[in-house]
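>>> Compute the structure for the input listed below.
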Amino acid sequence: ISATANEGYRFVGWKDGTSGNMVSTNATYTFTANTNSTIIAVFAELPVLRVNLGIASSSQGVSNVQGGGIKEQGDSVSCSCTVGENINFLGWFDNASGSGSPVSTANPYTFTMGNESISLWAKGETIGEDGIE
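Here you go, the predicted structure:
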């Protein structure tokens with residue numbers, strides 16, 4: 001017998017319907033049926049993980065954040081934004097004010113989705129005429 005999980009679920013294993021014991025964690029399970037047997041496929045719902053993106057409240061010249069949405073643990077996520085002319089991209093921050101140290105200064109910022117939802121805010125600042133902020 002074999003099982004395939006629907007989107008939003010993961011296969012956990014096969015359970016003996018009489019004893020309730022888990023008999024295999026492999027999606028394909030081979031056994032010899034000497035008597036009537038009930039084998040139950042067990043699935044678990046995946047948590048809904050989100051990547052929420054925004055622009056930091058103190059940001060200048062940053063727009064069009066992309067890459068957010070619903071993800072699964074282990075997904076490769078790439079977040080990007082548009083940075084205007086004469087703007088220094090300061091990075092992706094884990095707070096809406098854009099204070100503290102950035103999570104990353106890369107644009108795009110690529111990471112592997114963990115087991116919790118995440119919020120990131122892009123932040124930029126204007127570069128002065130002499131190139132100094």
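>>> Name the nearest residue to residue 13, sequence neighbours excluded.
Excluding the flanking residues, the one nearest residue 13 by CB to CB, 6 or more residues apart in numbering is residue 25, at 4.1 Å. From N, CA and C alone the C-beta is placed, and that goes for glycine too.
>>> Report how many residues lie close to that neighbour.
11 (other CB atoms under 10 Å).
>>> Contacts only, for it.
12, 13, 14 (CB atoms under 8 Å, 6 or more residues apart in numbering).
>>> and what of residue 75?
Counting by CB under 8 Å, 6+ apart, residue 75 has contacts 112, 113.
>>> tell me the contacts of the residue nearest the centre of the chain?
In the chain, the residue lying closest to the centroid (CA atoms, centre = their mean) is residue 113, at 3.5 Å. By CB under 8 Å, 6+ apart, the contact set of residue 113 is 49, 51, 71, 72, 73, 74, 75, 76, 77.
>>> Then residue 121?
Counted by CB under 8 Å, 6+ apart, residue 121 has contacts 53, 54, 55, 56, 57, 59, 92, 93, 94, 95, 96, 98.
>>> ok, the residue nearest to residue 13 to residue 46 distance?
17 Å (CB to CB, to the nearest Å).
>>> which one is residue 86 nearest to, not counting chain neighbours?
Leaving out its chain neighbours, the residue that sits closest to residue 86 by CB to CB, 6+ apart is residue 127, at 4.9 Å.
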